[in-house]
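1. predicted model and sequence below, questions to follow.
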Amino acid sequence: MVAYSIQLLHLPKKIIGMVLGSGLVANGFREYQDDESCLIFASGISNSANTDAGAFAREANLLRKSILQNPEKLIVYFGTCSVYDPSLRASPYVNHKLAMEAILKESHTDFLIFRISNLAGKTNNPHTVLNFFANHILSGDFFSLWKNASRNIIDLGDAVTLCDYLIKNKIFRNEVVNVANPVNYPVLQIIGVMEEMLGKKGNYELIEKGYNLEIDTSPIQPFLTELKIPFDEEYLMRTLTKYYALA
């Protein structure tokens, strides 16, 4: 795990607003913008392939500053379910996310860490798994596809609904919680659904690589049932159609 030595002598001015970030996750939690009891820390690295130590250190510094300036607030941080992927768990990005979790655990007394799987939502970020697939299928650009890999897809709206419920009902405080679909999808299945709805075949080659993720969603199962979040057999098609079907 990465160990950060952060200089805190010259901190920027006090954080304004209770949602930090401007990406997909931050936008999903905008209703918390004026909630003085909770800080949503959704400012982070948007590309999981990033290896920039400076970018990692800047995010760590921001988290340290957020903790110092908000000692009485619940701080919500978003980790990644990539920690469970044998092909990714040793990457700089995953090591960074684990280091961020450790900072929060060691430095704050009221926190929630949500490890999120692959989100589906409206975003211009080309580095998300789904945007990468869709953009390459539409453009015809060549890409390699790991034949044995699977991905865990969850609609941003469903993730926010679950997280919001857990925050407001003070469930899993000071714990790490997986926010994910109970079902993983082989990447070939995801590509097949996208090709069908986009009306175009992808230009890819299959590589004999990849793993099936093992994400424990049993702790959240009772709340998925209570909130009526429908992870049924049509979930993948329904979710991809919502965000990627051509008009």
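-> Noted; the coordinates are in hand.
2. flag every buried residue along the helix or strand hosting residue 78.
-> Secondary structure assignment for residue 78, by DSSP states H and E: strand 74-80. For strand 74-80, burial by neighbour count (16 or more other Cβ atoms under 10 Å) applies to 74-80. Quick note: C-beta positions are derived from backbone N, CA and C, even for glycine.
3. same check, this time on stretch 103-122
-> So, applying 16+ other Cβ under 10 Å, buried residues of stretch 103-122: 103-104, 108, 111-121.
4. tell me which of those fall in strands.
-> Those of the buried residues of stretch 103-122 mapping onto strands are 111-116, 118-120, per DSSP state E.
5. where do the strands of the chain begin and end?
-> 19-20, 38-41, 74-80, 111-116, 118-120, 143-146, 150-151, 153-155, 176-179, 185-186, 204-207.
6. quick one, what contacts the closest residue to residue 130 other than its chain neighbours?
-> In space, and not counting its chain neighbours, residue 130 is closest to residue 120: 5.7 Å by Cβ to Cβ, 6 or more residues apart in numbering. Going by Cβ atoms under 8 Å, 6 or more residues apart in numbering, residue 120 touches 130, 153-156, 239-240, 242-243.
7. ok so, going back, closest to residue 48 among the ones in strands among the buried residues of stretch 103-122?
-> Nearest to residue 48 among these, counting by Cβ to Cβ, is residue 118 at 9.9 Å.
8. quick check: that closest one touching residue 128?
-> Yes. With contact defined as Cβ atoms under 8 Å, residue 118 counts as touching residue 128 (7.2 Å).
9. shaky segments in the chain?
-> 1-17, 247 (pLDDT under 70).
10. kindly recompute the last result at 80.
-> 1-17, 44-52, 247 (pLDDT under 80).
11. roughly how far is stretch 196-212 from the heart of the chain?
-> 22 Å (Cα atoms, centre = their mean, to the nearest Å).
12. again with stretch 28-47
-> With Cα atoms, centre = their mean, you get 13 Å for stretch 28-47.
13. and residue 131, how many residues sit next to it?
-> 17 (other Cβ atoms under 10 Å).
14. just checking, it touches residue 125?
-> Yes. With contacts counted by Cβ under 8 Å, residue 131 reaches residue 125, the gap being 6.3 Å.
15. list the contacts for residue 207?
-> Contacts of residue 207 (Cβ under 8 Å, 6+ apart): 144-147.
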